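>>> this is a predicted model, with the sequence first.
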Amino acid sequence: MKKEVRKAVIAGNWKMNMTPSQAKEAVAATAKLVEGKSGCDVVLCVPFVDIASAIEAAKGTNVKIGAQNVHFEKKGAFTGEVSADMLLETGAEYVIVGHSERRQYFGETDETVNKRAKAALDAGLFVILCLGEVLEQRQAGITAEIISMQTKLDLAGITAEQMKKVIIAYEPVWAIGTGLTATPEQADEACGIIRGVIAELYSAELAEATVIQYGGSMNDGNAAELLSKVNVDGGLIGGASLVPEKFSKIVDAAQ
Ligand code: 13P
């Protein structure tokens, strides 16, 4: 495995937190703390209504802004949804798709995740594609099967060229927001399985170049050890990304 061919990506997922004015302050504070830290890419994925103020605050810094969801149709009667073109025009560069909270609470399936990913890629956005097993699946010993299947279904029809803009986030559902982190070995193993599937679907070279993050209770205390693993190329961070001091320490760990 050649970790040196990949640049780590440390991304925050703010989830449903921060008003636009709070976002402005938090992005500015984060940007100040991560200034000059060029060893990884730094992204904050914020609620739709925060994107404008987040982008304003991130201007001229090394923080990039993303959204947390995108609809797959270009436009039309889809009340409450936001298209990829709309996101692109705000200046957002990234979008999370398939987060487990969307799968769990909003009926997201591998099919809709795949459609959303394709729409975002067609528009030129970077996609952070989330997948991972639930506790019962891990306990039943079928983690490898589950994440392999999700990888195949979620990437269906995405071209090798488009894969240059795909980041995979392995997020075991049992580790999200629970304070229960996967061990570095578990994270490395799962990210390695996903990389193997990508090699099968595309090529070994493309698999080596794909950034695969770990997410699930990653924080300033456990990030260094998780990120030291050969298959773990960054993190998707929820709770700790809301606190600039904590988030910037994770960025430090990725340098
Ligand atoms: P926590 O870091 O709060 O566990 O959330 C992880 C996550 O869901 C990131 O997308």
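Cool, got the structure.
>>> what residues are up against the residue of the stretch 101-250 of the chain found nearest the ligand?
In the stretch 101-250 of the chain, the residue found nearest to the ligand is Gly238; the distance is 2.3 Å by Cβ to the nearest ligand atom. Glycine gets a C-beta too; all of them are placed from N, C-alpha and C. Residues in contact with Gly238 (Cβ atoms under 8 Å, 6 or more residues apart in numbering) are Gly12, Asn13, Trp14, Lys15, Ile176, Gly177, Gly215, Ser217.
>>> and the least confident of those?
Of all these, Gly177 carries the smallest pLDDT score, 91.
>>> wait, that one sits on Gly239?
Yes: counting by Cβ atoms under 8 Å, Gly177 does reach Gly239; the two are 6.6 Å apart.
>>> between these two, which has more neighbouring residues?
Using other Cβ atoms under 10 Å as the criterion, Gly177 and Gly239 rank with Gly239 on top: 19 against 13.
>>> that one and Phe126, how far apart?
23 Å (Cβ to Cβ, to the nearest Å).
>>> cool, Ala26 as well?
21 Å.
>>> these two: which is more packed in?
Ala26 (25 against 21).
>>> phi first, then psi, for that one.
phi -70, psi -40 (degrees, to the nearest 10).
>>> for it, which residues are in contact?
Met18, Leu242, Pro244.
>>> ditto for Ile146
Contacts of Ile146 by Cβ under 8 Å, 6+ apart are Glu133, Gln137.
>>> which is the next helix or strand following the helix or strand where it lies?
In this structure, Ile146 sits in helix 143-154 according to DSSP states H and E. Once helix 143-154 ends, the next helix or strand along the chain (criterion: DSSP H and E) is strand 166-170.
>>> which of the residues in the helix or strand that that following strand is followed by are buried?
Beyond strand 166-170 on the C-terminal side, the first helix or strand identified by DSSP H and E is helix 184-201. Using 16 or more other Cβ atoms under 10 Å as the test for burial, helix 184-201 gives 184, 186-198, 201.
>>> what's the answer for stretch 34-42, then?
Quick answer for stretch 34-42 (16+ other Cβ under 10 Å): Val34, Cys40, Asp41, Val42.
>>> cool, and stretch 156-167?
Ile158, Gln162, Met163, Lys165, Val166, Ile167.
>>> not counting its neighbours along the chain, what's nearest the second one?
The shortest distance from Gln162 to any non-neighbouring residue, by Cβ to Cβ, 6 or more residues apart in numbering, is to Leu121 (4.5 Å).
>>> now do the phi/psi pair for the one you found.
phi -70, psi -40.
>>> I figured it was touching Lys165, is that so?
Yes: in terms of Cβ under 8 Å, Leu121 counts as a neighbour of Lys165; the distance is 5.9 Å.
>>> shared neighbours, the two?
Val127.
>>> tell me how far the residue lying closest to Thr61 once chain neighbours are set aside lies from Phe247.
Of all residues not flanking Thr61 in the chain, Ala31 sits nearest, at 3.6 Å (Cβ to Cβ, 6+ apart). Separation of Ala31 from Phe247 (Cβ to Cβ): 11 Å.
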